[in-house]
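Asker: sequence first, predicted coordinates after that:
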Amino acid sequence: MDLVLEYCDEYVFDAAYAYLFPAPITFSNTTTLSSPSPSSSSSSPLPTSSYARDAIPRQLASLFIIALSAALALYFLFCTLSYYFVYDRRLEHHPKFLPRQKRQEIISSLIAAPVIDVMTLPWFLGEVRGHSKLYNRVGEYGWAYFAFSAVWFLVFTDFLIYWIHRLEHHKLVYKHVHKPHHKWIVPTPYAALAFHPLDGYLQSLPYHIFVYLFPMHRLLYLGMFGFVQFWTILIHDGDMISGHLLERFINSPAHHTLHHLYFTCNYGQYFTWADKTFDSHRDPMPELDPIHESLKAMRAKGLLGKKTD
């Protein structure tokens, strides 16, 4: 995040803060009203802000703007691509698909995103102020560790998210934190961020904790953050393709579709091993595909013939 902040300061925020919070103009004792010399007029200093780049209030405000802008940009980009090119919109005829559900999912996401962003700011601030284990040069740990850290990031965060997610389904927690996300029994990709803010924050914690425990290259960390958002949208696309080899190891959209339908299975984020180890795994089966109920409803409305297309 510090690399992103550095570029934003250079090309956007320096000028913006100087305009909004200009530094006081001071005059030296030798200042006169005489015309400036040619050399002085051509090298006049640029306006500056009363908030330096490393001022904590400025960093917090900048990080909030960056994180929220990036999250919403990725959300609308990936969700829209998934909705129009991957998602089977016949699912919107499912009996448990809510009226104006897509609109509700988007509104819920827009409400949750800035709140989650605020709660996440201390982690981002710690990163830009050098308190994490993020590093700049691949040579510091080598390419082997660079590759390993990407895999370890997925394994570590998957395990923690599994238990956070599973505990959120406990009867003492569920209705207060996680139930709003399960309002979408047959979700669209736009449900990917439609969480209660505390729910979204808790499930994001492992990503932030990781770089305070283990070294990770800064650019790789940014890339993994983008991948996390992409994957969260991907598993909400309702795709129930099953029977492929990777299904045994990867928590696919089919697995997560069953999680929304049946609530007490497939808590994992990327992999199936935790669900299989702790007895919460449910295999995707073609007969469990919610499209069957959608097609029945469409036939009842006269939108399909007697046979499935």
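Answerer: Perfect, I can see it now.
Asker: strands of the stretch 101-250 of the chain, start to end?
Answerer: Secondary structure of the stretch 101-250 of the chain (DSSP state E, counting those that start in this stretch): strands located at 134-135, 216-217.
Asker: which elements pack onto the first one?
Answerer: Counting contacts by 3 or more CB pairs under 8 Å, 6 or more residues apart in numbering; DSSP states H and E, strand 134-135 packs against strand 216-217, helix 218-234. Backbone N, C-alpha and C define where each C-beta goes, glycine included.
Asker: and of the strands of the stretch 101-250 of the chain, who's closest to Ala23?
Answerer: Smallest distance to Ala23 across these (CB to CB): 30.5 Å, for strand 134-135.
Asker: can you lay out the helices and strands packed on strand 134-135 as a markdown table showing distance to Ile116 and mean pLDDT?
Answerer: Formatted as a markdown table, these follow (distance: least, CB to CB, whole Å; pLDDT from 0 to 100):
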| stretch | distance to Ile116 | mean pLDDT |
| --- | --- | --- |
| strand 216-217 | 21 | 96 |
| helix 218-234 | 12 | 92 |
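Asker: so which of those comes closest to Ser109?
Answerer: Proximity to Ser109, assessed across these by CB to CB, is greatest for helix 218-234 (10.7 Å).
Asker: pLDDT (mean, whole number) over the helix or strand just after that closest one?
Answerer: As assigned by DSSP states H and E, the chain's next helix or strand after helix 218-234 is helix 253-262. Taken as a whole, helix 253-262 has an average pLDDT of 92.
Asker: also stretch 146-156?
Answerer: Rounded mean pLDDT across stretch 146-156 is 97.
Asker: can you give the distance of it from its chain's centre?
Answerer: Computed by CA atoms, centre = their mean, to the nearest Å, the chain-centroid distance of stretch 146-156 equals 18 Å.
Asker: can you give me the buried ones in that stretch?
Answerer: Phe146, Ser149, Ala150, Phe153, Leu154, Phe156 (16 or more other CB atoms under 10 Å).
Asker: how about the residues you listed in TSV, adding distance to Tyr267?
Answerer: TSV is the format used below for these (distance: CB to CB, whole Å):
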residue	distance to Tyr267
Phe146	30
Ser149	24
Ala150	23
Phe153	19
Leu154	16
Phe156	16
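Asker: tell me which of these fall in helices.
Answerer: Judged by DSSP state H, helices contain the following of the buried residues of stretch 146-156: Phe146, Ser149, Ala150, Phe153, Leu154, Phe156.
Asker: surely the fourth one meets Phe210?
Answerer: Yes. Here Phe153 reaches Phe210: they are 5.7 Å apart, a contact under CB atoms under 8 Å.
Asker: what's the overlap in contacts for these two?
Answerer: Counting by CB atoms under 8 Å, 6 or more residues apart in numbering, the common neighbours of Phe153 and Phe210 are Met216.
Asker: can you point out the buried residues in stretch 91-99?
Answerer: For stretch 91-99, by 16+ other CB under 10 Å, it's Leu91, Glu92, His93, His94, Phe97.
Asker: sorry, that was for stretch 57-65
Answerer: The neighbour-count check on stretch 57-65 (16+ other CB under 10 Å) flags Arg58, Gln59, Leu60, Ser62, Leu63, Phe64 as buried.
Asker: ok, the last one - contacts?
Answerer: Okay, so that is Phe64. Phe64 touches Pro114, Asp117, Val118, Leu121, counting by CB under 8 Å, 6+ apart.
Asker: let me know which of the strands of the stretch 101-250 of the chain is the nearest to Lys276.
Answerer: Checking these against Lys276 by CB to CB gives strand 216-217 as the closest, at 27.7 Å.
Asker: now the two most distant members of the ones in helices among the buried residues of stretch 146-156.
Answerer: By the measure CB to CB, Phe146 and Phe156 form the most distant pair in these, at 15.8 Å.
Asker: re earlier: looking at the strands of the stretch 101-250 of the chain, which is buried most?
Answerer: Highest mean neighbour count of the strands of the stretch 101-250 of the chain: strand 216-217, a mean of 22 (counted as mean count of other CB atoms under 10 Å).
Asker: what packs against it?
Answerer: Using 3+ CB pairs under 8 Å, 6+ apart: strand 216-217 touches strand 134-135, helix 142-168.
Asker: could you give the angle of the last one to helix 253-262?
Answerer: What it means is helix 142-168. Per axes from the mean of the first three to the mean of the last three CA atoms, to 10 degrees, the angle that helix 142-168 makes with helix 253-262 is 20 degrees.
Asker: other SSEs contacting helix 142-168?
Answerer: Right, helix 142-168 is packed against helix 197-213, strand 216-217, helix 218-234, helix 273-277 by 3+ CB pairs under 8 Å, 6+ apart.
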